[in-house]
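J.: This is a predicted model, with the sequence first.
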Amino acid sequence: MPCTTPTSSPMSIDGMVSLLAGDERLRTLVDAMPDMVMIVDQSHRIMLGNRALADFSTGGDTAIVTGVRTGDILACQHAEGASGCGTTEACGECGSLRAIRAALAGERATHECRILRRGNRGMEALDLRVSGTPFAWEGENLALVVAADISDEKRRRLLERIFFHDLLNTAGVISGITELLMQGTMSLDDVKESLHEAAQSLVTEIKNQRELLAAERNELSVSPGPIHSRLFLEKSIQAYRTLSLDHGCTVQLAAGVAEVIFFSDEHLLERVMGNLVKNAVEASDPGDVVTVGCDCDGTQISFRCHNPGMIPREIQLQLFHRSFSTKEPGRGVGTYSVKLLTERYLGGRVSFASTADAGTTFVVTLPLDIRA
């Protein structure tokens, strides 16, 4: 529907909400749609939301969805600030905001929107396909916005690509070794260690993907135990020694590492720190030094992973989203899993800073005793 010129005296929010809600035909039409439907005004506030939107966001109360912005009603983490949805730097990368702005400007547009939200189970990743269409009503230029939840589709596509990519790489190594054995080029004694490592890697990849799926379904169990901070970091470094050599960089302990015993789930923490170290190594140039360390203030322990490179600002704004990747399509779920495991299961928080002068540092802060 083409946009018309707004009236000289724009209708009040309450007036527009009442007018739209009072149109029984329009109400019936939008409620019949299975996807979330919103009619949005020039200030990006929802003037009318359908039943699907209310069911998804408020448990069925359609009155609550009016007068607020999309990020507010969907509990986007960037809408938690004082100014709300659409006011932060990260909002500039929001697909929903782009679709709404285009529609209000008289153009149809569809964008994918990635949201990290605070749900009943803690941090949740939400993927939406948002379409905006210009919508003229009683002399007002509005936007008709349809948001389809594609989280399951994106999750399945992402995990399948990662799963098959990593498994095929490892299986290829095993296949190559066995071919050498069959040709008689090498003896079993020559390759048995490499064959064992490849087989173990294959099993680990399968377990990792199964674990991530369980984590998203809130089915992951936490097994706290005592961990020695320095020994844990030394083990993390050793696990990626070969990868760092392949990239021509070095991974080492930072100076002044705190040596404390704390209680957490060592396996999950290994996944968290392993992803950070791996990402730092893969982002490093030959000759770079990746450092890992930790400090303790008596109430919590903070683990750090630093590399000299800087993450471009547009990537920083989307780094923890599940379906966002700086690598090839379908790759790069590492930082998302770091945030998911740390904040939902380990009772901690993740932050990072990245500048041209200081490089990039990720910080994982945990309680000294997850059992408390």
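T.: In hand now; what should we look at? Nothing here was measured: the structure is a model prediction, and the numbers come from that model. Residues are numbered from 1 along each chain as shown.
J.: Can you give me the domain assignment for this structure?
T.: 13-149, 153-216, 225-367 (automatic domain parsing).
J.: Let me have the ones you listed in CSV, extended by mean pLDDT.
T.: As requested, the domains of the chain are exported to CSV (pLDDT from 0 to 100):
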stretch, mean pLDDT
domain 13-149, 85
domain 153-216, 79
domain 225-367, 88
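J.: Turn these into CSV, columns for mean neighbour count.
T.: From N, CA and C alone the C-beta is placed, and that goes for glycine too. Shown next, in CSV, are the domains of the chain (neighbours: other Cβ atoms under 10 Å):
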stretch, mean neighbour count
domain 13-149, 18
domain 153-216, 14
domain 225-367, 18
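J.: So T291 is in contact with T250, correct?
T.: No. Between T291 and T250 there is no contact, the gap being 9.1 Å when judged by Cβ atoms under 8 Å.
J.: ok, which stretches of the stretch 51-200 of the chain are helices?
T.: Ranges of helices within the stretch 51-200 of the chain are 51-57, 70-73, 95-104, 151-183, 188-216, based on DSSP state H, counting those that start in this stretch.
J.: Tell me what angle the longest one forms with helix 188-216.
T.: The reference is to helix 151-183. If you take axes from the mean of the first three to the mean of the last three Cα atoms, to 10 degrees, helix 151-183 sits at 170 degrees to helix 188-216.
J.: Tell me which stretches of this protein form strands.
T.: Secondary structure of the chain (DSSP state E): strands at 36-40, 46-49, 109-119, 122-137, 140-149, 225-228, 250-253, 261-264, 289-296, 300-307, 349-355, 359-367.
J.: I'd like those as TSV, with distance to R27 appended.
T.: What follows is the strands of the chain, written out as TSV (distance: least, Cβ to Cβ, whole Å):
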stretch	distance to R27
strand 36-40	11
strand 46-49	8
strand 109-119	25
strand 122-137	13
strand 140-149	14
strand 225-228	56
strand 250-253	60
strand 261-264	51
strand 289-296	57
strand 300-307	51
strand 349-355	42
strand 359-367	48
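J.: Of those, which is nearest M182?
T.: M182 lies closest, by Cβ to Cβ, to one member of the strands of the chain: strand 250-253, at 36.2 Å.
J.: List the pairing partners of the closest one within its sheet, with orientation.
T.: strand 289-296 (parallel) (DSSP bridges).
J.: so E140 sits right up against D41, yeah?
T.: Yes. Contact criterion Cβ under 8 Å: E140 and D41 qualify, at 7.1 Å.
J.: which residues are common contacts for these two?
T.: Residues touching both E140 and D41 (Cβ atoms under 8 Å, 6 or more residues apart in numbering) are M16.
J.: Now render the helices of the stretch 51-200 of the chain as JSON lines, adding distance to L341.
T.: Converted to JSON lines, the helices of the stretch 51-200 of the chain look like this (distance: least, Cβ to Cβ, whole Å):
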{"stretch": "helix 51-57", "distance to L341": "26"}
{"stretch": "helix 70-73", "distance to L341": "25"}
{"stretch": "helix 95-104", "distance to L341": "26"}
{"stretch": "helix 151-183", "distance to L341": "15"}
{"stretch": "helix 188-216", "distance to L341": "6"}
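J.: wait, which of those is closest to V363?
T.: helix 188-216 (20.8 Å).
J.: Quick one: list the elements packing against the closest one.
T.: Judged by 3 or more Cβ pairs under 8 Å, 6 or more residues apart in numbering; DSSP states H and E, helix 188-216 is in contact with helix 151-183, helix 334-340.
J.: Contacts made by the last one with the rest, please.
T.: Identification of contacts with helix 334-340 by Cβ under 8 Å, 6+ apart yields 116, 123, 125, 212, 215-216, 271-272, 275-276, 278-279, 319-322, 324, 350, 362, 364.
J.: now do stretch 350-362
T.: Against stretch 350-362 from outside (Cβ under 8 Å, 6+ apart): 276, 280, 283, 304-311, 316, 319-320, 338-339, 342-343, 363-365.
J.: same thing but at 6 Å, please
T.: 276, 304-311, 316, 338-339, 342, 363-364 (Cβ atoms under 6 Å, 6 or more residues apart in numbering).
J.: for stretch 230-245, same thing?
T.: Under Cβ under 6 Å, 6+ apart, the answer for stretch 230-245 is V251, V257, E259, M273, V277, V281, V292.
J.: Let me have these in a markdown table, adding distance to G22 as columns.
T.: Shown next, in a markdown table, are the contacts of stretch 230-245 (distance: Cβ to Cβ, whole Å):
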| residue | distance to G22 |
| --- | --- |
| V251 | 65 |
| V257 | 66 |
| E259 | 68 |
| M273 | 57 |
| V277 | 59 |
| V281 | 61 |
| V292 | 61 |
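J.: of all the residues you listed, which comes closest to L195?
T.: Each of those was checked against L195 using Cβ to Cβ; the closest is V281, at 24.3 Å.
J.: I'd say the closest one and G248 touch.
T.: No. Counting by Cβ atoms under 6 Å, V281 does not reach G248; the two are 9.9 Å apart.
J.: So which of the contacts of stretch 230-245 are in helices?
T.: M273, V277, V281 (DSSP state H).
J.: And the last one, how close does it get to M310?
T.: With distances defined as Cβ to Cβ, to the nearest Å, the gap from V281 to M310 amounts to 16 Å.
J.: same deal with the first one?
T.: For M273, the distance to M310 (Cβ to Cβ) stands at 21 Å.
J.: cool, H228 as well?
T.: Here H228 is placed at a distance of 33 Å from M310 (Cβ to Cβ).
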